[in-house]
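Undergrad: how would this look folded up:
(2 chains)
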Amino acid sequence: QSVLTQPPSVSAAPGQQVAISCSGSSSNIENNHVSWYQQLPGTAPKLLIYEDNKRPSGIPDRFSGSKSGTSATLGITGLQTGDEADYYCGTWDSSLNSYVFGAGTKVTVL
Amino acid sequence: QVQLQESGPGLVEPSQTLSLSCTVAGDSISSGNYYWSWIRQPAGKGLEWIGRTSGSATYYNSSLKSRVSISVDTSKNQFSLKLSSVTAADTAVYYCARGFTLARNWFDPWGQGTLVTVSS
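TA: Numbers count the residues shown, from 1 in each chain, chains lettered A, B, ... in the order given. This next block holds a predicted model:
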């Protein structure tokens, strides 16, 4: 059972947009920056968003991050078939003294 | 460009110790600028942070703390993972990654991962 809650799956047609939520608590999301990772099938996770809403070099602006209170959201616009992947949120949890990840959300492009 | 590469046995017998190494290219582990972490992922499941080291300080996930040891070999620019008394539940893909600090709490980049199977 992850301390960060994500929906198991989301889907949309090509060109559409999706939003993936990551719900936590005051010991993690509310008081620590959130990062997001994309894991394409059979590959290692890749950093997509850091410090809630910043994109590393090379990540298209179709990907965005936001945070409010104890929840964070990853948005993907202009959905492409290459975006089909598992997406994970992560942050520090000060109660557990551990880095924690959500269980992951599978994005399907219909 | 920083690159990480895991290495080690792909098969470990139950009750034995799992040992993996991560070789870092393009950055110096001994610089002290970053922590270096191990993360694992059982097949079809999510990610679990195992622990991190800066060389001078090391921290572990409390759920694994009694069985885990992470060390650094600065001469080889490597850091290593040892997980003792393994069971089938420790079967997973093990990743090494650069990160995290409380100020920079993200992992980037990651190694490609190595599958470790616990079985007799």
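
Undergrad: SS state for the most centrally placed residue in chain B?
TA: By C-alpha atoms, centre = their mean, chain B has its centre lying nearest to B:W38, at 2.5 Å. Under the three-state scheme (DSSP: H, G, I helix; E, B strand; the rest coil), B:W38 adopts strand.

Undergrad: what's the distance between it and B:C22?
TA: The gap separating B:W38 from B:C22 is 8 Å, by C-beta to C-beta, to the nearest Å. C-betas here are computed from N, CA, C, even on glycine.

Undergrad: next: B:I50.
TA: 12 Å.

Undergrad: what touches both of the two?
TA: Residues within reach of B:I50 and of B:C22 at once, by C-beta atoms under 8 Å, 6 or more residues apart in numbering or on different chains, are B:38, B:81.

Undergrad: could you point out the longest strand in chain A?
TA: strand A:85-93 (DSSP state E).

Undergrad: for it, list the C-alpha coordinates in CSV.
TA: Written as CSV, here are the backbone C-alpha positions of strand A:85-93 (Å, rounded to 0.1, in the frame of the first residue of the first chain):
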residue,chain,number,x,y,z
ALA,A,85,3.9,4.3,-20.3
ASP,A,86,3.6,4.0,-16.6
TYR,A,87,3.9,7.3,-14.7
TYR,A,88,5.1,7.5,-11.0
CYS,A,89,5.0,10.4,-8.6
GLY,A,90,7.6,10.5,-5.8
THR,A,91,8.6,12.6,-2.8
TRP,A,92,10.2,12.6,0.6
ASP,A,93,8.1,11.5,3.5
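
Undergrad: which strands or helices does it pack on?
TA: Applying 3 or more C-beta pairs under 8 Å, 6 or more residues apart in numbering or on different chains; DSSP states H and E, one finds that strand A:85-93 makes contact with strand A:18-23, strand A:35-39, strand A:71-76, strand A:98-101, strand A:105-109.

Undergrad: repeat that with 6 Å
TA: Strand A:85-93 makes packing contacts with strand A:35-39, strand A:98-101 when contacts are defined by 3 or more C-beta pairs under 6 Å, 6 or more residues apart in numbering or on different chains; DSSP states H and E.
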